[in-house]
Structures are given as C-alpha cells and as structure tokens.
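Pasting the sequence and the predicted model now:
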Amino acid sequence: MTSNTERRCGVGIRGVAMAIDSIVWLALFMLVVSTVGLVSGDLQTTSEGIETNLEGGPALVGLGLWLAVSIMYHTLAEWRWGKTLGKYLVSIKVTRPDGSPPSLVGSLLRNLLRLIDWLPFFYLAGIITVAFSKSDRRLGDRVGNTIVVRP
C-alpha cells in the first residue's frame, strides 16, 4: 500500500515523462547507430557531418542493441533511483505497491513489457490498460509488481 502522502499516477503525467524519455531514447539511438556504423565501416564523414546508413545485418544489430540499451536505461534507473530522467523532471517515481523500491527483476520485467504496452503504436495498449485500471497500472506494472506514484 502506498503511503498517505503518495498518489498513483494516471496516463497524463506518465505520458509527459515518457515524452521526455523519448528524447533520451533518440539520443541512445543515435549513439548506438553511430557505434554500429563505426564498427561495420558504414560511418561516413560528409560536408554536412557524420552519416550512418545501416542495411541488412548491421541494421538489425543496431536495432536490437538500441532496444536493449533503451530497456536497460529504464530498468537500471528505475531500480536504482525509482525514476528515469523523464520521471525525475515531472516528480514521479516507480515503487512496489507497498511503497518499497522496485526489485531489479521487477524493474526488468516492467520494462520488457514496455514493448507490448507500446503496441500497436505510441503506447496505445499501455494507455488503455492504465486508463481502465482501478490501480492505474499498465501491463508492465502488473507483471513487475510496480506502481507509479507522485511523492
């Protein structure tokens, strides 16, 4: 049970936090793609800057690595501090229903399910499950035994 001073968060504030974290995801994407491009020899310097055009195997490696790094960003930040940069900036955090910090496994499960909550596009499944949940929990929250609260 959350303490009397914490309120569960619905779709709106969580959406703002995710929009901010999407900027982090974009930065991670650029970093991963550039790294894979450098390693695969697909990184080119042009008069306009650095370009990476990944195709085939390198593109699949880049996509898989980016998803893994992005999931780990959320997992480790929420496990260690209870919040990502987006959650920090909007003053919300992830806890267990009893108010204790999420476990590493719970945080990992929560964030692996983020990929399903994202379907079919722009977190539609996650938005629907939070909006129609009496406990304001998306599928990832349920599997990871977490809630998002405003302290």
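Thanks, I have the structure now.

after the longest helix seen in the chain, next one along is what?
The single longest helix within the chain, with elements called by DSSP state H, is helix 11-40. Next along the chain after helix 11-40, taking DSSP states H and E as the criterion, comes strand 43-46.

Run through who's touching that following strand.
Residues from elsewhere that reach strand 43-46, judged by CB atoms under 8 Å, 6 or more residues apart in numbering: 34, 37, 50-53. Every residue, glycine included, has its C-beta placed from N, CA and C.

Likewise for stretch 110-128?
Defining contact as CB under 8 Å, 6+ apart, one finds that stretch 110-128 is touched by 11, 15, 18, 67, 71, 74-75, 78, 94, 102, 129, 138-141, 143-144, 146.

Dump the C-alpha coordinates for it into CSV.
Extracted C-alpha coordinates of stretch 110-128, given in CSV (Å, rounded to 0.1, in the frame of the first residue of the first chain):
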residue,chain,number,x,y,z
ARG,A,110,8.2,-4.0,-16.1
ASN,A,111,10.4,-2.6,-18.9
LEU,A,112,10.5,-5.7,-21.1
LEU,A,113,6.7,-5.5,-21.2
ARG,A,114,7.0,-1.8,-22.3
LEU,A,115,7.5,-3.3,-25.8
ILE,A,116,4.0,-4.8,-25.6
ASP,A,117,2.5,-1.8,-23.9
TRP,A,118,3.8,0.3,-26.8
LEU,A,119,1.7,-1.7,-29.3
PRO,A,120,0.1,-1.1,-31.8
PHE,A,121,1.7,2.3,-31.7
PHE,A,122,2.5,5.2,-29.3
TYR,A,123,1.8,3.2,-26.1
LEU,A,124,-1.9,2.6,-27.1
ALA,A,125,-2.1,-0.7,-25.2
GLY,A,126,-0.4,0.8,-22.1
ILE,A,127,-2.6,3.9,-22.2
ILE,A,128,-5.8,1.7,-22.4
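
Thanks a lot, catch you later.
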